[in-house]
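Student: Need the 3D shape of this:
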Amino acid sequence: MKFPISENDPQRVEFVKSLSILDTSPGENLTRVVKLCHSIFDVPIADISILADDREWFMSAVGLETAEEKREHSICNFAIAGDDLFEVPNTLEHPEISKSHLVTNEPGIRYYIGAPLKYDNFNLGALCLSDTKPRPPLDERGREILNQLAQMVVREIRIQRVLRESLALLAEQIRA
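Tutor: Numbering: from 1, shown residues only. Coordinates of the predicted model:
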């Protein structure tokens, strides 16, 4: 599957690495956001996806059996290419996404919407909703709710970063 890559993708990937969030526990708040998405939007799959250089890591997910996927299969590549919600009511009708491993194999995604997780000047990944059947586009209220939840995810990632850095600084001062 061909997917868009922004000019600043190498810097974005380095920023993602600098946050030290890959392969960490999502924590209670991020898990709660994903569960809320699952319930509010009545979708079988809801996740927080973080895109690294060669993989999509699911920071928290409901309805997925894996913790990561090869980046080349990730629909979230399209979501992080812009700053607005990226929605595909029927993935089989999209020329590139229809080729994704996530569409052609399990879980057989047919509907996708992703809200970019914008942290400073970089889209880390997306808060995603997926279904195994096509769906009509999300209404304005639903779009606003998803955007607000995505902002909560970014805020939680910021808080986790500050806590990690503060604890490291405290540990350093104790050793000194």
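
Student: Of all the residues in the strand or helix carrying residue 172, which ones are buried?
Tutor: Here residue 172 sits within helix 140-175, counting by DSSP states H and E. Within helix 140-175, the residues that count as buried by 16 or more other Cβ atoms under 10 Å are 143, 145-146, 149-150, 152-154, 156-157, 160. To be clear about C-beta, it is placed using only N, CA and C from the backbone, and glycine gets the same treatment.

Student: What about the closest residue to residue 70 other than its chain neighbours, how many residues nearby?
Tutor: Closest residue in space to residue 70, ignoring its immediate chain neighbours: residue 55 at 6.1 Å, by Cβ to Cβ, 6 or more residues apart in numbering. If you count neighbours by other Cβ atoms under 10 Å, residue 55 ends up with 17.

Student: Enumerate every residue touching residue 55.
Tutor: 68-71 (Cβ atoms under 8 Å, 6 or more residues apart in numbering).

Student: Show me the shaky parts of this structure.
Tutor: For the chain, the stretches with pLDDT under 70 are 1.

Student: Tell me where it has strands.
Tutor: 45-51, 55-62, 68-70, 86-88, 111-119, 122-131 (DSSP state E).

Student: and residue 176, which of the ones you listed is closest to it?
Tutor: With Cβ to Cβ as the criterion, residue 176 lies closest to strand 111-119 of the strands of the chain, at 30.8 Å.

Student: returning to what we had before: next, the angle strand 55-62 makes with the helix holding residue 172.
Tutor: 110 degrees (axes from the mean of the first three to the mean of the last three Cα atoms, to 10 degrees).

Student: Compute the inter-axis angle for helix 140-175 and strand 111-119.
Tutor: Calculated by the same axes, to 10 degrees, helix 140-175 forms an angle of 40 degrees with strand 111-119.

Student: And helix 140-175, what does it pack against?
Tutor: helix 27-40, strand 111-119, strand 122-131 (3 or more Cβ pairs under 8 Å, 6 or more residues apart in numbering; DSSP states H and E).
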